[in-house]
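1. Turn this into a model:
(one chain, ligands or ions: 1)
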Amino acid sequence: MSLRLGDIAPNFKATTSLGEIDFYEFLGNSWGILFSHPADYTPVCTTELGRTAALKDEFEKRNVKVLALSVDPIDKHIGWIHDINETQQCNVDFPIIADDDRKVSELYDFIHPNASATATVRSLVIIGPDKSVKLIITYPASTGRNFFEVLRVVDSLQLTANYSVATPANWQKGDKVIIVPSISTEDAIKKFPKGVEVIKPYLRYTAQPNVD
Ligand code: BEZ
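-> A predicted model of the protein is given here:
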């Protein structure tokens, strides 16, 4: 099944390194990140899961629950976690799904047969508290993902969910933001007391509303 932005992320039950889970129960009212990697005991994947574990506090601060997946069996996950913790100086305490029957991979389109018939690609899905899909990215096996970029997208999603703004190219938390085109400049001046900078009628900035 192919999944698109705005779709409801399908629920599933799965065996993970932390036991059996129901995905929706695991998420509760939090944001969620479900991400696949090609295989256990591989170098790039080892660094990716290590980076994710090291950013635990950053995910928690943003109320994001993280869940990894590959088609490797549970005993392999358990053994590999020791290696990740040892080599990346971290503590992997988020669940890794053992999707040996590919049930979740097929539900989330994590296997791209022309890239690999058997392994999952590096896909990552961000899911909002309403269970809708907010972001989908897919990287090839040879390129590790940037988890600071994932946090940056979460910051943008959480900001733009609450204010009539969008974030410009290369935006970082604290930078000025763009006022969405559906708000008139007259209304924007009332709505954004920190000020409105008009570059063009369609290109207007204001300071990030949710920081002091
Ligand atoms: C890796 O994680 O290093 C990797 C996995 C599959 C193919 C290539 C690299």
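
2. Nearest residue to residue 94 in space, ignoring adjacent ones along the chain?
-> residue 66 (4.4 Å; C-beta to C-beta, 6 or more residues apart in numbering). C-betas here are computed from N, CA, C, even on glycine.

3. which residues of the chain score low on pLDDT?
-> Low-confidence segments of the chain, defined by pLDDT under 70: 1.

4. sorry, back to before: mind checking how far the residue nearest to residue 94 is from residue 26?
-> 10 Å (C-beta to C-beta, to the nearest Å).

5. Equivalent analysis for residue 110, please.
-> With C-beta to C-beta as the criterion, residue 110 and residue 26 are 17 Å apart.

6. Neighbour count: the two, which is higher?
-> Counted by other C-beta atoms under 10 Å, residue 110 and residue 26 do not tie: residue 110 has more neighbours, with 27 against 18.

7. my read: the more buried one touches residue 118, true?
-> No. Using C-beta atoms under 8 Å, residue 110 makes no contact with residue 118, being 11.8 Å away.

8. any idea where the strands of this structure begin and end?
-> With DSSP state E, the ranges of strands along the chain come out as 13-16, 19-22, 31-36, 64-70, 96-98, 122-127, 133-139, 165-166, 177-179, 197-200, 203-206.

9. now those as CSV including distance to the ligand and mean neighbour count?
-> Formatted as CSV, these follow (distance: least, C-beta to the nearest ligand atom, whole Å; neighbours: other C-beta atoms under 10 Å):
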stretch, distance to the ligand, mean neighbour count
strand 13-16, 20, 17
strand 19-22, 24, 12
strand 31-36, 11, 24
strand 64-70, 10, 22
strand 96-98, 14, 25
strand 122-127, 8, 23
strand 133-139, 11, 17
strand 165-166, 34, 19
strand 177-179, 35, 22
strand 197-200, 43, 10
strand 203-206, 40, 18
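
10. Redo those as TSV? Include distance to residue 158.
-> Converted to TSV, the strands of the chain look like this (distance: least, C-beta to C-beta, whole Å):
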stretch	distance to residue 158
strand 13-16	26
strand 19-22	24
strand 31-36	8
strand 64-70	9
strand 96-98	25
strand 122-127	10
strand 133-139	10
strand 165-166	12
strand 177-179	13
strand 197-200	23
strand 203-206	17
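
11. And the ones you listed: which comes nearest residue 7?
-> strand 133-139 (5.0 Å; C-beta to C-beta).
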